[in-house]
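K.L.:
okay, predicted coordinates and the sequence, questions at the end:
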There are 4 protein chains.
Amino acid sequence: MTDKKPLSTQQVVGHNTPEDCWIVVDNHVWDVTDFLEEHPGGSAIILKYAGRDATKAYSEVHTPSVLKSNLPSDKYMGVLDESTIDDEWTKQPPSENPQVVLENEKPPLHTLINSHDFEFVASKTASKKAWAFYHSAATDLITRDANKSCFDRIWFRPRVLRNVRSVEPKTTMLGVDCSFPLFVSPSAMAKLIHPDGECAIARACASKGIMQGVSNNSSYTVDELTSAAPSASFFFQLYVNRDREKSAALLRQCSANPNIKAIFVTVDAAWPGKREADERVKADESLSVPMAPSTASNDKKGGGLGRVMAGFIDPGLTWEDLAWVRKHTHLPVCLKGVMSADDAMLAMQAGLDGILLSNHGGRNLDTSPPSIITLLELHKRCPEVFDRMEVYVDSGIRRGTDILKAVSLGATAVGMGRSMLFATNYGQEGVEHLIDIMRDELETAMRNTGITTLDEAGPHLVHTGDVDHLVPDSARHPYAFKTAKSRRNLGFSKL
Amino acid sequence: MTDKKPLSTQQVVGHNTPEDCWIVVDNHVWDVTDFLEEHPGGSAIILKYAGRDATKAYSEVHTPSVLKSNLPSDKYMGVLDESTIDDEWTKQPPSENPQVVLENEKPPLHTLINSHDFEFVASKTASKKAWAFYHSAATDLITRDANKSCFDRIWFRPRVLRNVRSVEPKTTMLGVDCSFPLFVSPSAMAKLIHPDGECAIARACASKGIMQGVSNNSSYTVDELTSAAPSASFFFQLYVNRDREKSAALLRQCSANPNIKAIFVTVDAAWPGKREADERVKADESLSVPMAPSTASNDKKGGGLGRVMAGFIDPGLTWEDLAWVRKHTHLPVCLKGVMSADDAMLAMQAGLDGILLSNHGGRNLDTSPPSIITLLELHKRCPEVFDRMEVYVDSGIRRGTDILKAVSLGATAVGMGRSMLFATNYGQEGVEHLIDIMRDELETAMRNTGITTLDEAGPHLVHTGDVDHLVPDSARHPYAFKTAKSRRNLGFSKL
Amino acid sequence: MTDKKPLSTQQVVGHNTPEDCWIVVDNHVWDVTDFLEEHPGGSAIILKYAGRDATKAYSEVHTPSVLKSNLPSDKYMGVLDESTIDDEWTKQPPSENPQVVLENEKPPLHTLINSHDFEFVASKTASKKAWAFYHSAATDLITRDANKSCFDRIWFRPRVLRNVRSVEPKTTMLGVDCSFPLFVSPSAMAKLIHPDGECAIARACASKGIMQGVSNNSSYTVDELTSAAPSASFFFQLYVNRDREKSAALLRQCSANPNIKAIFVTVDAAWPGKREADERVKADESLSVPMAPSTASNDKKGGGLGRVMAGFIDPGLTWEDLAWVRKHTHLPVCLKGVMSADDAMLAMQAGLDGILLSNHGGRNLDTSPPSIITLLELHKRCPEVFDRMEVYVDSGIRRGTDILKAVSLGATAVGMGRSMLFATNYGQEGVEHLIDIMRDELETAMRNTGITTLDEAGPHLVHTGDVDHLVPDSARHPYAFKTAKSRRNLGFSKL
Amino acid sequence: MTDKKPLSTQQVVGHNTPEDCWIVVDNHVWDVTDFLEEHPGGSAIILKYAGRDATKAYSEVHTPSVLKSNLPSDKYMGVLDESTIDDEWTKQPPSENPQVVLENEKPPLHTLINSHDFEFVASKTASKKAWAFYHSAATDLITRDANKSCFDRIWFRPRVLRNVRSVEPKTTMLGVDCSFPLFVSPSAMAKLIHPDGECAIARACASKGIMQGVSNNSSYTVDELTSAAPSASFFFQLYVNRDREKSAALLRQCSANPNIKAIFVTVDAAWPGKREADERVKADESLSVPMAPSTASNDKKGGGLGRVMAGFIDPGLTWEDLAWVRKHTHLPVCLKGVMSADDAMLAMQAGLDGILLSNHGGRNLDTSPPSIITLLELHKRCPEVFDRMEVYVDSGIRRGTDILKAVSLGATAVGMGRSMLFATNYGQEGVEHLIDIMRDELETAMRNTGITTLDEAGPHLVHTGDVDHLVPDSARHPYAFKTAKSRRNLGFSKL
C-alpha cells in the first residue's frame, strides 16, 4: 500500500479514544477518528475496536476495499509489525455484557438481562455504603448463600406435549390481584441507591401489577408512596417499637391509607444481625428515615446501618402482642420471618392471615434454615397450614424457576428484596425491567414444565431428593438427650 | 568459544520468529534462522524453542558438538549472561497440546485427542457468535453441568480375566446398523463454524457408520445432505410449525428421501430457553435456515439465536398431534426430549418407536433433570418401556465411558450434539476424528470392564449409589400436600 | 482554572505519602500535603486517597468550592489527563477492614470485628515461626478444616416472638461462675506473639469473667499468672511427664494455688502430630518453657515446635494413671482430648469430673473426628454421661453461633485456643476485645433463636441432618469383619 | 551514618547473587558479598535475603551494631529510600520448603517431609516425558483423585489412655517379614527419573525391610535387581504375553531367583488406558525395557508410553490361564487389579494366594472404583475371603493414615507406586527417606489411635459413614431391569 514504517502493536494500542481512534484491518493501520461520526452503523461498533484489530468484525460486514476507497490516503498509518503481536493484542475486546462494567459507569439498562446483572452493576456503581448495607448478610454468609443454592438443588420434573401456547401466571395475594406471584420484599432505605428510592419501586409495581412491601425504615412515608403511585397496592412491614404508641400511630396511619392492604409484622429480627461488610464501612451520620426514630451513627462496633437503624425495635415482642396489633388495624395481619413449622402452627392457631417464610435474606442469624427448606418442613410436619393461611417465601429468589419451585411447593407468592434495590439503581425503569425479566423467566419455566396456570403447579413438578435430609421431621432432635438444665449442677459447688 | 559480550535473556527472547530465530544451548546463543529449513527433524521442533533455552530438548537427540560443527561460526552470538535468568526464562515452552492454542489459530487436528479438546479449540477459534450460540445453555447452567457430572458420579464395576481380545460395539438403531451406539444429535446451523456445516457431518457419519440427526434448523436441506453423503442414514428432527401445513410438507419431503430413517419430534423445547451467553452477543440479521421460516434478529431481549430462530415452533403441540405426524410419514416416529418416567409411559402407550431422553443439552429449562437420571427413573418406575421402545440418551456425553454407562443402563444409543459442532470446526475430517476417538474410548471401556459386545452390558456393570437420591420414586412428592388450587381462596375477597 | 499542562494518572499516583500527598477532585489535581494536619476530619481520611481520585468521598461532605477557597493557588497542580485513566486508577482505595493489612503493620484493634480478623492479622504480622506453630495442624489439615465446617453444616431451628429483651448467658464450669460458656483452651507459648503472653490472656479472662486453661507449656508459670491476674480462675492442663515425680510436683504446685480450679489431663496427644507448616520453619533453639523440661531444637525432621517441645510427655499414660493424678491433687480432674463415646463412657466410669471433647485443634491425628461430631456421638450412644460429668468442646469454635450449637447439644462450655493466641497479638486488650466479640455474637444468636438463658438451649434448637451420617452408631463397624489377627497366618511360612 | 544518596528498592533488588549481594537492615543498605563466606551461620541464610530486607531475620540473632562494627565502612551503600517500598519489596523471601523449587533444581532431600513433596519436586525437575508418564491417569482423572479423597473421607475413631510407648508395625506378607505393611507397587521404567532406576528402589527396600514389586516393564531385569540388592525380597508383576512361551520363560527365570517370593499377575489392564497427559508428550523412540518386547513409539494417537509399551500384553487372559501360570512357578500367585467382590470371590475359589485391590492408580479405566471402596465391598459382600487369601491395596496411598485405614479394614499391606518413582528422583536415598517418612507417619497414626501392633487394628478404628453409599450391596443393581439383550430387536427390521 505505502512504504511507511511498520507500526508495533504498542504504537497502535494507545489510539483508543473517540478523539484519537486507530483500528487495524488485515494488518493495515487506519486512523478512523474523523470517520467515527459518519459511520452508518454508528460509532460504538468502531470504538469497540479502537486501538485494536478489527479485522474479524470488519470482514463480517465489509469487502476488503471499503476502507481504502472511503478514507483519504493520509489516514493510512502503515502496516502492522506482526512480530509485535502478543497475547494481549490477540485478546478479544470487551463484550457488550455488563460483566465488563467500568467502575461508576452504568451500562445501558437493556443490556442487563437477569437479576445477577443488576447486582453486578450495583457492586460497581452504587456508593460503597449502599453496597455494603444492601449486599451484606450475617457473619459467614452461610444462610445467604444456601438460600439460593437450595433452590438450585431442587430439580424440576418437566412434562412435555402440553398445550402451552398461552400462559397466565396471575394470582391473588391477600385478595389483591397480582399479575404474577412476585412482590417486592420490604427493604430499608432505597434512597441510598437512587433519589427516587421506594417511590420508583412503587411506580414500577403499580405499572406491572405486583405488590410492594413497604419497609418501616423506608426512605419515604406511606403517604408519599401512595402519592407517587396512586394506583399501587402495598403491604406495610412493621417493626414494633419499644414505645408501643408510636407503632400504634403508624398502624392507624397505614390502616387509613386505602392503598395499604395488609400489615406484615417482622419477627425474624428480634435482634439485629451482625452484617460485617456493613459494619466495616462508615455510615453517614446524617441519615435518618421518616417512619421510624432511627438515625445512623458509628460506634465502637462499626458503622452497620442494619444494626444502628434497628435500635427502636422491641426485642420483647411476643405472640400476645399480635392481639394488640389487631386492635389498631382492620387490615389482614401476617408474620414476616417464620423459620420453623412450630411457629407456622402457632401462627395458624393465632388466626393470622399469612406467614412469610424468611430469614431476612440471611441477614440476621447465620445458619438459620433456607426459606425453601422451611417450606418443605411445613409440608412434612403441618400441611394443614396451607389451608388456613397464605404462605409466602423470600430470601434467595433470583430466577423465575425459583418462583415456580416455591409456588409448586405451596407458596402463594414470593418476594425479592435485595435484587429490587439493585434494580432501583436505574430508577423506576430499572425496577420495571427486572419485574419484566422475572415474569418472563417464570412464564418460560411454566411452559417448559408443561403448565399454563399456577393452579397446575404442585409438588409433583419438583424432586427434592437432594435436600430432603436438611428438612426436620419433628420438633425434637432424633437423638436421646437430657435437657440442658439437668446437665448443670453436678456437684461442683464444693469448690 | 569466543569472547563476544554476554547476552541477556532479554536480548535473546525477542528472536523468536521463523525470520529471526535464536536458540540457547548450554548457555551458548546461536542464530539458527538459516538452518531452520535444513533441519532433518523439521523446523517446528526448533521453533518451539525460538528465543529460548533448548538445551534439554537438544541434548536428548544430539551430542554437544553438533551445533558447533554444523553452523558457521558467525552464527554464534555469544554466551548467555546467566545473571539475567529469571522465572520467565526458565518456564517450559508451550507444550504440543491444544491447551496453548493461540486465538484464531487451530492446532493440527491430530493433536486433539478428546472431545474437550474440540470444545477448547472452538472457544478460541470459532466466531464469537458461533461460540455463544453453541456453548450457551439455560440461565445458571446447572443442568448443563449436571448432565456431565452425573455421569462422572456413576462408578463402573469392572470385571477382570475375561477374554477381551476382540471387541465389537456394533448395534442397531431403529433397525439401522450402526458401527457403535453413537449418533449425532440434531443441532442447528453447523455452517456457523464451517462452510460445509452439516454436509461435513453427513460425510463423516457415512464414512464411520453412524447416524446423523438432522436439525429442522440445519444450514442445509435434507436433500442437500443426501447429495453430499449418498450412503448416509439420517433421522430428521422436527419442530412442529404453528402452520401445520409447512411441517406436513417437510414430513412428506423427509419420507420421500430414502436416507431418512425416522422422525424425531422435539418436545423439550415448547418454549425457547433463556441462553444468556447467546443473548449477549449480537446476531447477524442476514442469517436464515432453509427448512424453517426462521431469520435471525436482535430485539430488546438480546441477540439469542436459539430464541429468535424458534419463533415458528408451535407451543401448542400435544400428544394428539402425534397421530397427525404419523399421518404424514411411514417412518418410525420418536420423541426427542422426554424428561420423566411419566412421559416415557405415555410415549409407550402412544405407540411411539423410541424416545430420546434429553434436556436439550441443558439449553431450555435450567434444573431440568440430567438425562442419565431420567434413564434411572425409567428403570425404577417403568422398566417395561425398554421392551416396547428404543430409548436413547443425549446431553452430557463427552467420553466413551459415558456411552457405556448409558448403554449399560438400557440406552440403545446415545447422541452428541455440541461436541460434534465443535468438531465441525475442522470439517469432515474433524468429525471423523472425533467419532474415531469416541469409538476408541468406548472399546477401551468395554474391554476394561470385561465385555466384548454390548449384549453383555447391563446394570450390573455400574454402581449408582452416589446419585440414587436424585431419582424420583413415584409420580408424587413424598410429603403430604394439598393441591395448589385449594390453597387459594382463603377468604381475602373481603378486601 | 489554570492552563497548566494536564497530568497523567501515572504522574499523580506516586504522590501518595504523608510527606507528599496529592489528591484529585473533579479531575483537578491538588497538593494537600501541608493541609493534612489542619484537616478537621483528620489526616487519615485524606491519606486514604493520597495519589488517587477523592471526588466521591469529597463530594459526600464538601461543596465543590471548598478546596479552591481553602488552598493557596500554588497547590493546584493542574487538570487530570482523562485519557490516562485506566482500570488501576478507577479501583477503589483500600477499605478500612483488616483485609488490606500491610505486612508487619497491625490495624487498629477496633477495626477487627471477628475471630477471623485476628487470624488474618496474625498471618501478616506475627513472626514466621509463631504463625507456623500456631496455625499449623496435622498433615493434610482435614480435621482442622472439618472442625469448623461441621459446625457450619448444623442448622438452627430459630423460634420467633419470644421476649428476648434481656439475655443472660452466664453459666458455671466446674462450680466456677463464668460470664458465658467460653474458656481459653490451653495453648503453648503465647509469648511467641506478644511479650505478655499468657499474662495478657489471664488479665483479660479475669476482667471478662471467663476461665483460662493454662498450658503445661505456657511461657509463664502458674504463679506468675496468678500474680498477673490475682482474681482470675484457671484450670491447669497437664502433660504427664515420663518422669512422674516432675508431674507430681507440678500437680502439688497447682493444687496449692487457690486460683487453679481443676486439672485437665491431656490424652489426645499420646504422640506429637505431624504439623508440616511448623516443621518447615526453623525454630529458635534458645526457646524453652518454665513448667516443662522442653527446649526447642531443629533436627532432621524439621523445626516443629509442637513436636520437639513434647519430648517429655509420657506416651505410656493409661487409665490407671488417673488414680495417681487424683492422689496428688484435691482438684477436679478432667480429660482433655476425648474423641469417642467409648472413652467418654470409660471416663464416666473412672469418676472423672469432666471431659473436653477435642482433637487438639486438628493438630495431632488427621482425620480424627471433628469434636462436634463426637458430641453427637455421645448423644447417640451414651446420653447418660451428660448427667454424670461436664462435657466441654473445643476445636473449630470461631463464632458465637458455634458456642450456642455446642451448648444446645449438651456442652457445658467451649474453648478457643488458636484464636485467643492470635488475639494476644494485641496483648490483654486484644484478648478482651475477642472475648467481647464472642459474647456479643453468642447473645445475638441466643436472641435470634428465641432464648434468653442457656437453660433453654437444647437439641430442639438445631438440625443435624447434614452431618448425621458422620456419627457412629455403635462401637463396631456395620459391616461383617473378622479381626485383623485372624487374617494373618494363611500358611505362607512355607516360603 | 553517611550522607550518600538514598537508594531505591529497585536499585537494591538486583544485587541478589552470591557474586553481588546487598542486604537491607533497618533501612540501611550493605554490600555483604565479601562477607558471605565468613558468616558463622553460613552464607545460605544471608543469601535468602540477597537484594532484600533482612531486618527481621537479622534482629532475631544480632544486636543492631553488629553490621556496622564488622563491615568496612565502604560496604555501606546508603540509606533506603522508603518511598520506593512497594508490595513486591515487602513480600517475604521464599521459605525453605519445596513449594518454591525452581525449575530443574532439586531442593535438599531433608527438606522433603511427605510424599506430596516428592511429587511436587518431580513435577519441577523430572523430564517432561517422565513426569507425563508417571503422573498421568485415565481420561478425566476421576478415579485417580477419588483414590485419595475416599481415604480422606474415612474418619478414625481414636482411643486414648493406651500405653503406646513402643509401637511395632511389623507384619508378614506372603510369609515374608516386612518391617511395616508397605510395599513398592510395581511401576514401569524407573530409569526415566534416575539412572539407578529400580536398582535404587531395591537397595532402599532391602535396607528398610519392605518388599518391592518388580514391574514386567522394569528398566532392569530381576537378576540385575538381585545383584544390586542381594538381601532384598521381591515379588514379580507379570503381564502375560500374547506369546505365552515368553511369559513362561520369565516365570521360570523368576522362580529360579531365590529373592523373588511371589508372582502378581496383572488383571486390571486388559487394555491400555487412555492417559492423555502421557499421549500429549512425544516419547523417545529408542526406549525399551529388558524383560518385555516393548519399544517406545509415537503414532497417530500420540506418544503414550503407557499404551505403546503394553502392546505385547494378552487381552485374552482368563481365569483358565491362571492354572497355566501355576504350572510354571512354585511361587505363590496373586492377582493385581481386582476391582469387585465378585472377582475376589472367584480368586478365592481359584485358590489364589492373594489379591491386590487396585485400579492401576486410576490409570486404566476412569470411574473404576477407588480401591478402598472395593475393600469395603469385600467386607460387605464376602468377608470370608479375608480368611482364605491375603488382601492388599494400592492406588491412592499418600499418608501413614491411609496405611492404617487399609490395614484396619483388612488389608495385609498396601502398595505405593507413583510416590516411589517420584522418590527415585533422589536415588536410593530418596526412596529410603520416603519409606522412613511413611513408617513414621504410620507409627504416629497407630499411637494416636491407641494401638501398638497391627493385630489391634480393626474396623472398630474407623468410621466409613461418609462413603458407605459408594459401596455396592450385591452383584445386581437395585433397580428392576431387563437385560440389555432383550431390549434389542423391537421389530425395526422392517426398515
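P.N.:
Received it, and whenever you're ready, just let me know what you need.
K.L.:
use CA for all of it now, contacts and neighbours both
P.N.:
OK.
K.L.:
A:Phe236 and A:Ile260 touch, don't they?
P.N.:
Yes. Counting by Cα atoms under 8 Å, A:Phe236 touches A:Ile260, with 6.7 Å between them.
K.L.:
show me whatever sits in contact with both of the two.
P.N.:
Between them, A:Phe236 and A:Ile260 share these contacting residues under Cα atoms under 8 Å, 6 or more residues apart in numbering or on different chains: A:Cys254.
K.L.:
give me phi/psi at the residue nearest the centre of chain A?
P.N.:
Among the residues of chain A, the one closest to the centroid is A:Ser419, at 1.5 Å (Cα atoms, centre = their mean). Note on A:Ser419: its backbone torsions stand at phi -60, psi -40 [degrees, to the nearest 10].
K.L.:
and for A:Asp145?
P.N.:
Backbone phi and psi, for A:Asp145 under degrees, to the nearest 10, turn out to be phi -70, psi -40.
K.L.:
what is the neighbour count of it?
P.N.:
16 (other Cα atoms under 10 Å in any protein chain shown).
K.L.:
A:Ala323 too?
P.N.:
A:Ala323 has 12 neighbouring residues, counting by other Cα under 10 Å.
K.L.:
I'd like the distance between it and chain B.
P.N.:
19 Å (Cα to the nearest Cα, to the nearest Å).
K.L.:
next helix or strand past the helix or strand hosting that residue?
P.N.:
Under the criterion of DSSP states H and E, A:Ala323 resides in helix A:321-327. Sequence-wise, the next helix or strand downstream of helix A:321-327 (DSSP H and E) is strand A:333-338.
K.L.:
wondering if that next one reaches chain B at all.
P.N.:
No. Strand A:333-338 lies out of reach of chain B by Cα under 8 Å from any Cα of the partner chain, never closer than 11.6 Å.
K.L.:
report the distance from that strand to the chain centre.
P.N.:
Chain-centre distance of strand A:333-338: 20 Å, with Cα atoms, centre = their mean, to the nearest Å.
K.L.:
and stretch A:165-185, anywhere near chain B?
P.N.:
Yes. Using Cα under 8 Å from any Cα, stretch A:165-185 reaches chain B at A:165, A:172, A:174-176.
K.L.:
mind telling me which residue of the stretch 151-300 of chain A is nearest chain D?
P.N.:
Relative to chain D, the nearest point of the stretch 151-300 of chain A is A:Arg153 (19.1 Å; Cα to the nearest Cα).
K.L.:
which ones are touching that residue?
P.N.:
By Cα under 8 Å, 6+ apart, the neighbours of A:Arg153 are A:464, A:466-467, B:367.
K.L.:
tell me the predicted confidence for it.
P.N.:
On pLDDT, A:Arg153 comes in at 97.
K.L.:
and it, how far is that from chain C?
P.N.:
Applying Cα to the nearest Cα to A:Arg153 and chain C gives a distance of 14 Å.
K.L.:
could I get the phi/psi values of that residue?
P.N.:
Main-chain dihedrals, A:Arg153, degrees, to the nearest 10: phi -90, psi 0.
K.L.:
kindly report the same for A:Thr295.
P.N.:
The phi/psi pair for A:Thr295 (degrees, to the nearest 10) is phi -130, psi 140.
K.L.:
surely it is in contact with A:Leu287?
P.N.:
Yes. The pair A:Thr295 / A:Leu287 is scored as a contact, 5.8 Å apart, by Cα under 8 Å.
K.L.:
quickly list what's touching both of those two.
P.N.:
Taking Cα under 8 Å, 6+ apart as the contact rule, A:Thr295 and A:Leu287 touch no residue in common.
K.L.:
quick one, strands of the stretch 201-350 of chain A?
P.N.:
A:211-214, A:234-238, A:260-266, A:333-338 (DSSP state E, counting those that start in this stretch).
K.L.:
dump those strands into TSV; add distance to C:Leu112 and mean pLDDT as well.
P.N.:
Formatted as TSV, these follow (distance: least, Cα to Cα, whole Å; pLDDT from 0 to 100):
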stretch	distance to C:Leu112	mean pLDDT
strand A:211-214	34	98
strand A:234-238	33	98
strand A:260-266	31	98
strand A:333-338	30	98
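K.L.:
what residues does stretch A:392-400 touch?
P.N.:
Outside stretch A:392-400, the residues touching it (Cα under 8 Å, 6+ apart) are A:114-116, A:144-148, A:151, A:185, A:354-362, A:370-372, A:375, A:403, A:406, A:411-417, A:419, A:438-443, A:445.
K.L.:
what's around A:Pro108, how many residues?
P.N.:
A:Pro108 has 11 neighbours, counted by other Cα under 10 Å.
K.L.:
surely A:Met420 meets A:Val431?
P.N.:
Yes. Applying Cα under 8 Å as the test, A:Met420 and A:Val431 come out as touching, 6.3 Å apart.
K.L.:
quickly list what's touching both of those two.
P.N.:
A:Ile201.
K.L.:
who in the stretch 101-250 of chain A is up against chain B?
P.N.:
A:110-111, A:113, A:152-165, A:172, A:174-176.
K.L.:
picking up where we left off before, can the helix holding A:Ala323 be found next to chain C?
P.N.:
No. Counting by Cα under 8 Å from any Cα, chain C is not contacted by helix A:321-327; separation bottoms out at 8.8 Å.
K.L.:
what residues sit buried inside that helix?
P.N.:
Using 16 or more other Cα atoms under 10 Å in any protein chain shown as the test for burial, helix A:321-327 gives A:322, A:325.
K.L.:
in the stretch 201-350 of chain A, what residue is nearest chain B?
P.N.:
Across the stretch 201-350 of chain A, the shortest distance to chain B (Cα to the nearest Cα) belongs to A:Lys261, at 7.5 Å.
K.L.:
only C-alpha atoms, please: export stretch A:142-157 in PDB.
P.N.:
Provided in PDB are the C-alpha atoms of stretch A:142-157 (Å, rounded to 0.1, in the frame of the first residue of the first chain):
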ATOM      1  CA  ILE A 142     -23.800 -19.400  55.000                       C
ATOM      2  CA  THR A 143     -27.600 -18.800  55.100                       C
ATOM      3  CA  ARG A 144     -27.400 -16.100  52.500                       C
ATOM      4  CA  ASP A 145     -25.700 -18.500  50.000                       C
ATOM      5  CA  ALA A 146     -27.700 -21.500  51.000                       C
ATOM      6  CA  ASN A 147     -30.900 -19.600  50.400                       C
ATOM      7  CA  LYS A 148     -30.100 -19.700  46.700                       C
ATOM      8  CA  SER A 149     -28.200 -23.000  46.500                       C
ATOM      9  CA  CYS A 150     -31.100 -24.900  48.000                       C
ATOM     10  CA  PHE A 151     -33.300 -23.700  45.200                       C
ATOM     11  CA  ASP A 152     -30.700 -24.900  42.700                       C
ATOM     12  CA  ARG A 153     -30.600 -28.300  44.300                       C
ATOM     13  CA  ILE A 154     -34.400 -28.800  43.700                       C
ATOM     14  CA  TRP A 155     -34.900 -30.400  40.300                       C
ATOM     15  CA  PHE A 156     -37.900 -29.900  38.000                       C
ATOM     16  CA  ARG A 157     -39.900 -32.900  36.700                       C
END
